[in-house]
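Engineer: Curious how this folds, go ahead:
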Amino acid sequence: MSSPTDSNTNPLIAFSQNLADIVEAVGQSLVAINGQRFPCSGIYWRDGLIVASEETIKRTEEITATLPNGETAPITLLGRDRSTDIAVFKTEASLPVVSIDSDGELKAGNLAIAVGRDAERGLFVSQGVVSTVGDSWRSSLGGYIDRFIRLDLNFYPGSGGSALVNAAGSVVGFNTTGPRRSILTIPAATINRVVDQLVEKGQINRGYLGLAMQPVYLPEALIAAFTLNTKQGLMVVNVESQAPADQAGIMLGDVLLKIEDTPIARLREVQAYLEPQNIGKTVTIQLIRAGALQNISLTIGESGRSK
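Structural biologist: Numbering: from 1, shown residues only. Below you'll find the predicted structure:
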């Protein structure tokens, strides 16, 4: 007769052992990033490259990483993108490249395994579930995130940048904190896209208008007069000299209604047009100026260049 502790007949023992094996395998690609105000984890994503949560990176010089074997190695910040919360480091250390699943079909209720590394205590794990999976979204800074993934698990010190691992043992992204201390995952597809750009340029140059705007409600008389299908617009409160908006003739007090045929009532709807692929593109902006409806052509500039 088989013993209750026999892993061949007890599914709980088999599950526990499989989970431990997955954590051990992923852990060989995880580092602890030192020299920061708060501890954080990093993932050996590609040969010579470590990715981490940008919001955890406060220092940019004299940074080291604690490797799986306990040794400490210097790492150099290659680039960072606040809008997607991604930082990339170069390292001379050689670790196994993590197994990545950028196409996995996560569902609410799937097992969520967060694996990180602490410089003193080594590997740590938090297990929970994927609580929400949604479509692409934009961060408060306008960064395009390919999928919305929210987790229900404990977030320990050092969990920023920890790997989200699926039941197959592949990494589907890294974990970070969102609004109201929610736990979100930056998916692998987003990480790959941003890493490509940071490796090539060292930064993410996005579209640039040179405008400061704030949402405003439109008077009912204007809505009726122009048969508008929106009750809000974005009022211009500042125009940078010689910026694309200034060169296009946009003025203080203008109320922007549309870019192309898309209504813009929130800043995030403008940010959607400022992805790198739109740099240099000429768009038509519909606005209200002094009670009159106007269309203005504007060529999207590039952030980071002299204005």
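Engineer: which residues of the stretch 151-300 of the chain fall in helices?
Structural biologist: 188-201, 220-226, 244-248, 267-271 (DSSP state H, counting those that start in this stretch).
Engineer: just how off-centre is the last one within its chain?
Structural biologist: Per C-alpha atoms, centre = their mean, to the nearest Å, the displacement of helix 267-271 from the mean C-alpha position of its chain is 16 Å.
Engineer: for that helix, packing partners?
Structural biologist: For helix 267-271, the packing partners by 3 or more C-beta pairs under 8 Å, 6 or more residues apart in numbering; DSSP states H and E come out as strand 211-217, strand 255-259. For the C-beta atoms, the positions are set from N, CA and C on the backbone; glycine is no exception.
Engineer: Ala292 is nearest to which of those strands?
Structural biologist: strand 255-259 (11.1 Å; C-beta to C-beta).
Engineer: hmm, who's touching that closest one?
Structural biologist: 213, 216, 218, 228, 230, 233-236, 250, 263-264, 269-270, 273, 283-289 (C-beta atoms under 8 Å, 6 or more residues apart in numbering).
Engineer: on that earlier part again, dump the helices of the stretch 151-300 of the chain into CSV; add mean neighbour count as well.
Structural biologist: Listed next are the helices of the stretch 151-300 of the chain as CSV, based on neighbours: other C-beta atoms under 10 Å:
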stretch, mean neighbour count
helix 188-201, 18
helix 220-226, 12
helix 244-248, 19
helix 267-271, 18
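Engineer: To Arg138, which of these lies closest?
Structural biologist: helix 267-271 (5.1 Å).
Engineer: Pull out the buried members of the contacts of strand 255-259.
Structural biologist: Among those, those classed as buried by 16 or more other C-beta atoms under 10 Å are 213, 218, 228, 233-236, 250, 263-264, 269-270, 273, 283, 285-288.
Engineer: okay, the helices of the stretch 151-300 of the chain in CSV with mean pLDDT next?
Structural biologist: CSV is the format used below for those (pLDDT from 0 to 100):
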stretch, mean pLDDT
helix 188-201, 93
helix 220-226, 89
helix 244-248, 95
helix 267-271, 86
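Engineer: of those, which approaches Ala32 most closely?
Structural biologist: The nearest among the helices of the stretch 151-300 of the chain, by C-beta to C-beta, is helix 188-201 at 18.9 Å.
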